[in-house]
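>>> sharing a model that was predicted from the sequence below.
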Amino acid sequence: MNLPSNIELIAVLSGAACVAGLILAVVAIVGTTRPARPNSGPGLRRLWQGSGSTPREHRAHQTLLVGAFVAGAVAFLLTGLPVVGLLVAVAVPGTPWLLTAGRAERRAINRIEAIGEWTRRLKDVSGTGQGLQQAIIGTVATAPEQVEEEVRLLAARLQAGWHGRTALLAFADEIGDPVCDQVVAALILHLTDRGERLGDVLGAIASAAAAEVVTRREVEAKRAQPRFAVRFLTGMTLLVLAYGLINPDYMRPYGTPTGQVVMVLLGAAFVALLAWVRSMSLPPRPARFLAPPAAEEVLQ
């Protein structure tokens, strides 16, 4: 086996740097879809744990990272081409990211529906004459599954002595939707003025939440075509990669330094195309109007 020349080493390193830059660009774009948590930690730790908020989501993300490393190493050993290994490593976490473009929106719609249902239950419980804190605690047992954990945590904070406004703002931050902000704003105003029309306000917000769910589901149905295009292009990409792994003749033209550079450029362009088509299938993130509680409020 001949040792690689300096030109070949430079070409390989340049290809690796280009693909690494592509990976960092995708991570940067994806990372802006969720606000950073105050305790998210250093960059490497955040990259290892992912953007999930539960241990299960962290384990799934870590499994993908390990699978990407193993798959990239296997692809490199089969083809002897480092850029192929890097592209396969990108494809392992990138494929679920592309194929599950609508999952976050469907989850958000289900959470809005759950917030509306919980708001109706809170209206019914508060109408029995109980105080707001006791009414919230009384809804824990019947809270919808999609928001059960957040409602339970809200009740636990109130029972632990948190200030009502701080606990409600933390609840709204965990849900992260403007419909929940409306409910929390009404509850905070009730804590301030003790008005007698809380039930009417909660009923109106619950009705508005139901209308929001209907509208979002209609929009979600219209985005099926771009998401099909994402799945089709992703499937074609995986087939090309698989064919290249089992057919050395197909990958032979890319074995030269120039071929590696061409592969980097084509891979970067194709990944950018897939990311662009995926972005077209996602609705704009609705703007919230409530800020999370300040750190000094939480520590009080």
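Received, thanks. Numbers count the residues shown, from 1 in each chain.

>>> element containing Tyr243?
Using DSSP states H and E, Tyr243 falls within helix 224-246.

>>> what residues does the helix or strand following that helix touch?
Next along the chain after helix 224-246, taking DSSP H and E as the criterion, comes helix 248-251. By C-beta atoms under 8 Å, 6 or more residues apart in numbering, the residues outside helix 248-251 that reach it are 79, 81, 84, 243-244. All C-beta spots, glycine's among them, are computed from the backbone N, C-alpha and C.

>>> report the buried members of those residues.
Using 16 or more other C-beta atoms under 10 Å as the burial test, these include 79, 81, 84, 244 as buried.

>>> sort out which one of those lies nearest Ala272 for me.
Val84 (18.6 Å; C-beta to C-beta).

>>> just the pLDDT for that closest one.
Predicted confidence (pLDDT) for Val84: 80.

>>> dump the residue contacts of it.
75-76, 241, 244-245, 251, 254, 263.

>>> show me which of these are buried.
Buried residues within the contacts of Val84, counting neighbours by 16+ other C-beta under 10 Å: 75-76, 244-245, 251, 254, 263.

>>> closest one of those to Glu150?
For the buried ones among the contacts of Val84, the closest approach to Glu150 (C-beta to C-beta) belongs to Ala75, at 41.5 Å.

>>> pLDDT score for the closest one?
pLDDT, Ala75: 81.

>>> mind checking pLDDT for Val240?
The model's pLDDT for Val240 equals 78.

>>> now do the one 5 residues further on
Predicted confidence (pLDDT) at Leu245: the value is 71.

>>> so what does the helix or strand hosting Arg216 touch, helix or strand wise?
Secondary structure assigned from DSSP H and E places Arg216 in helix 198-222. For helix 198-222, the packing partners by 3 or more C-beta pairs under 8 Å, 6 or more residues apart in numbering; DSSP states H and E come out as helix 103-126, helix 178-193.

>>> save those as TSV, and put in distance to Arg152 and mean pLDDT too.
Below are the helices and strands packed on helix 198-222 laid out as TSV (distance: least, C-beta to C-beta, whole Å; pLDDT from 0 to 100):
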stretch	distance to Arg152	mean pLDDT
helix 103-126	11	88
helix 178-193	15	86
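
>>> just put the ones you listed in TSV and tack on mean neighbour count.
Shown next, in TSV, are the helices and strands packed on helix 198-222 (neighbours: other C-beta atoms under 10 Å):
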stretch	mean neighbour count
helix 103-126	19
helix 178-193	18
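
>>> distance to Arg165 added to those helices, as JSON lines?
Below are those laid out as JSON lines (distance: least, C-beta to C-beta, whole Å):
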{"stretch": "helix 103-126", "distance to Arg165": "17"}
{"stretch": "helix 178-193", "distance to Arg165": "5"}
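
>>> of those helices, which is nearest Trp276?
Closest of the helices and strands packed on helix 198-222 to Trp276 is helix 103-126, at 17.7 Å (criterion: C-beta to C-beta).
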